[in-house]
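> Next come a sequence and a model predicted from it.
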Amino acid sequence: MSVFGIGVAYGVATLLVMFSGMPIAFALGAVAVVFMGIYMPTASLDTVTQNVYEEMASITLLSIPLFILKGAAIGKSRAGQDLYSALHAWLHRVPGGLGVANVFACALFAAMAGSSPATCSAIGSAGIPEMRKRGYSGGFAAGIIAAGGTLGILLPPSITMILFAVAAEKSLGRLFLAGIGPGLLLVSLFGFYAVFRFRREYAAAEAIYKKGGPEAAILARDEYTLAERFSVLPRVIPFVLLLTGVMIALYGGYATPSETAGLGGLLALALIAAIYSVWRPSDLAPIMKSTIRESTMLMMIIGMSLLYSYVMSYLHISQSVAESIVAMHLPRWELLFAILVMVVVLGFFLPPVSIILMTAPIILPPLRAANFDIIWFGVVMTIVMEMGLIHPPVGLNIFVIRNVAPDIPLREVIWGTLPFVLLMMFAVLLLCLVPGISTGLPDLVMGPDGSR
């Protein structure tokens, strides 16, 4: 059979197995092993475990379970709720300050935890009930938390970016650094939208009240004294200092990403023990169970995805597809657009981890040939994958929100997230027009001749 035929069979088999409901890790591994048995030497089956081990034997990947430990320590304590309460106390005078506080809380928690679902769960469990109590519509409240949670895969330390750095063989520190500007851009866009949407809902409620209708909860104003504002800071500042210290250690060159992750995990455990008295075995058990469960799931997906990519490369599927894309001689921006559309479509069905490891061998060679900077592309691709976390049919954050706030209809949650998807599209467009947002280098995506 030709390489084209094998490639088509490989893709069709993958889709069929995934739609059967089999977990992603086992689906990718099963397809890879079957095609190894059919098209590769029989002896290759004896090396499956060795191949998986060698592909995963990366010091960079070691940081994943350690960052997950740090996130679990914070997520399983009251740190998320305290962070949210502190921001609300200081931003309550801003129109829509509660919504803006939730955006900032999501951003800070995402930077500490590195996980989108964990951010949605931790901040949403406190933020959504408070917004609903103060008159925010269900879709608006759900959209803020779902979109804010996506920042977990963009702001460092991002597990998704760790995997992209491994797949692209690029500097993890530089990739983390490149994500800060776009992350702050999205935080700003989400915050401005929260103010805009609040003003609309406030104006509608005020108009009804002036016509003799009931006074909606959104018209009420919270008041905090200066003493109350400062009283909420002692429990929050240590975690902010933890985040700052971890970033200084990483970007200052004092520690490797794995050492930084280990340091962050140990300090997070120490902080929750000191601040929340979480030190007994019974208290630590949920943290350790969550860390082991999520780490095992992710590492299984990573290992099987790498085996899947190895088989695809051995059978020359990825090389042939990449060569075909290059042979089309698409203008560089049309090439980028086509690849990003493909990522969006994959986001309907697959998590970011699988998208990166399955597509990297195919899309990176044409992008390099078109003189795109791979670090810059990693940031853009991450934002596009963020959209997949909040758009149907398989938006993971949507279902996390449904678990946190089951009283909000799924239809409202989906409509509430769509404006944030549009804001992410706008951010991608800005990054294409002003690439320096991600790195400070205005010529980052220009070719050798200076053209775009």
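Done, it's in.
> isn't Met131 right up against Gly143?
No: proximity of Met131 to Gly143 does not meet the contact threshold set by CB atoms under 8 Å, at 10.5 Å. Glycine gets a C-beta too; all of them are placed from N, C-alpha and C.
> Of all the residues in stretch 49-61, which ones are buried?
Going by neighbour count (16 or more other CB atoms under 10 Å), the buried part of stretch 49-61 is 51-52, 55, 58, 60-61.
> count of neighbours near Lys210?
Number of residues near Lys210 (other CB atoms under 10 Å) recorded here: 8.
> how about low-confidence regions in the stretch 351-452 of the chain?
Applying pLDDT under 70 to the stretch 351-452 of the chain flags residues 393-394, 439-452.
> how does it look with 50?
Confidence mapping of the stretch 351-452 of the chain against pLDDT under 50 gives the ranges 440-452.
> swap in the stretch 1-150 of the chain?
Those would be none, if you go by pLDDT under 50 across the stretch 1-150 of the chain.
> which residues of it fall in strands?
Assigned by DSSP state E, counting those that start in this stretch, the stretch 1-150 of the chain shows no strands.
> for the stretch 151-300 of the chain, what spans make up the helices?
159-168, 172-210, 226-231, 237-251, 257-276, 281-314 (DSSP state H, counting those that start in this stretch).
> Give me the distance from the last one to the chain's centre.
Here helix 281-314 shows a centroid-to-chain-centroid distance of 16 Å under the convention CA atoms, centre = their mean, to the nearest Å.
> cool, and the first one?
Relative to the mean C-alpha coordinate of its chain, helix 159-168 is positioned 12 Å out (CA atoms, centre = their mean).
> avg pLDDT for it?
For helix 159-168, the mean pLDDT works out to 85.
> for it, packing partners?
Where contact means 3 or more CB pairs under 8 Å, 6 or more residues apart in numbering; DSSP states H and E, helix 159-168 is packed against helix 63-75, helix 172-210, helix 352-369, helix 374-390.
> now the angle between helix 352-369 and the last one, please.
So the one you mean is helix 374-390. 150 degrees (axes from the mean of the first three to the mean of the last three CA atoms, to 10 degrees).
> list the buried ones in whichever helix or strand comes after helix 374-390?
Once the chain leaves helix 374-390, the next helix or strand it forms, by DSSP states H and E, is helix 396-404. Neighbour-count burial for helix 396-404, counted by 16+ other CB under 10 Å, picks out 396-398, 400-402, 404.
> chain center to helix 396-404, what's the gap?
14 Å.
> just checking, what packs against it?
Here helix 396-404 touches helix 116-133, helix 138-149, helix 374-390, helix 410-433, going by 3+ CB pairs under 8 Å, 6+ apart.
> CA atoms only for the longest one - export them in PDB, please.
Meaning helix 410-433. The C-alpha trace of helix 410-433 is given here as PDB (Å, rounded to 0.1, in the frame of the first residue of the first chain):
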ATOM      1  CA  LEU A 410     -25.800  24.100  29.300                       C
ATOM      2  CA  ARG A 411     -27.200  26.300  26.600                       C
ATOM      3  CA  GLU A 412     -26.600  29.400  28.700                       C
ATOM      4  CA  VAL A 413     -23.000  28.300  29.500                       C
ATOM      5  CA  ILE A 414     -22.300  27.900  25.800                       C
ATOM      6  CA  TRP A 415     -23.700  31.200  24.800                       C
ATOM      7  CA  GLY A 416     -21.900  32.800  27.700                       C
ATOM      8  CA  THR A 417     -18.500  31.500  26.400                       C
ATOM      9  CA  LEU A 418     -18.900  32.500  22.800                       C
ATOM     10  CA  PRO A 419     -18.000  36.200  23.200                       C
ATOM     11  CA  PHE A 420     -14.700  35.100  24.900                       C
ATOM     12  CA  VAL A 421     -14.000  32.800  21.900                       C
ATOM     13  CA  LEU A 422     -14.300  35.900  19.700                       C
ATOM     14  CA  LEU A 423     -12.000  37.900  22.000                       C
ATOM     15  CA  MET A 424      -9.400  35.100  21.600                       C
ATOM     16  CA  MET A 425      -9.700  35.300  17.800                       C
ATOM     17  CA  PHE A 426      -9.100  39.000  18.100                       C
ATOM     18  CA  ALA A 427      -6.000  38.300  20.300                       C
ATOM     19  CA  VAL A 428      -4.600  35.900  17.600                       C
ATOM     20  CA  LEU A 429      -5.100  38.600  15.000                       C
ATOM     21  CA  LEU A 430      -3.300  41.200  17.100                       C
ATOM     22  CA  LEU A 431      -0.400  38.700  17.600                       C
ATOM     23  CA  CYS A 432      -0.100  38.300  13.800                       C
ATOM     24  CA  LEU A 433      -0.200  42.100  13.300                       C
END
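> Dihedrals phi and psi, the residue of the chain positioned farthest from its centre?
Centroid-distance maximum for the chain: Gly212 at 45.4 Å, with CA atoms, centre = their mean. With angles defined as degrees, to the nearest 10, Gly212 sits at phi 100, psi 10.
> show me the contacts for Cys120.
Listed by CB atoms under 8 Å, 6 or more residues apart in numbering, the contact partners of Cys120 are 106, 145-146, 148-149, 397, 400-401, 404.
> In TSV, list those along with distance to Gly138.
Output for those, formatted as TSV (distance: CB to CB, whole Å):
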residue	distance to Gly138
Cys106	18
Ile145	11
Ala146	12
Gly148	16
Gly149	17
Asn397	15
Val400	15
Ile401	10
Val404	12
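> so which of those comes closest to Ala79?
Cys106 (13.3 Å; CB to CB).
> ok, that closest one to Ala216 distance?
As judged by CB to CB, to the nearest Å, Cys106 and Ala216 stand 25 Å apart.
> try Tyr308
From Tyr308 to Ala216 the distance is 52 Å (CB to CB).
> Of the two, which one has the most company?
Shown here are Tyr308 and Ala216; by other CB under 10 Å, Tyr308 has more neighbours (25 against 16).
> wait, isn't the more buried one in contact with Gly29?
Yes: if you go by CB under 8 Å, Tyr308 and Gly29 touch, sitting 7.2 Å apart.
> Contacts for stretch 188-198 next, please.
Stretch 188-198 has contacts (CB under 8 Å, 6+ apart) with 94-96, 99-100, 102-104, 136, 140, 144, 147-148, 218, 419-420, 423, 426-427.
> can you check stretch 266-284 too?
69-70, 73-74, 76-79, 112, 235, 238-239, 242, 245-246, 287.
> again, only using 7 Å
70, 73-74, 77-79, 235, 238-239, 242 (CB atoms under 7 Å, 6 or more residues apart in numbering).
> what's the average pLDDT for that stretch?
pLDDT averaged over stretch 266-284 gives 88.
> Give me the buried positions along it.
Buried residues in stretch 266-284, defined by neighbour count with 16+ other CB under 10 Å: 267-269, 271-273, 275, 278, 284.
> which of the residues you listed lies closest to Leu350?
Ala268 (29.8 Å).
> returning to what we had before: pick the one among the buried residues of stretch 266-284 closest to Ser85.
Ile275 (13.9 Å).
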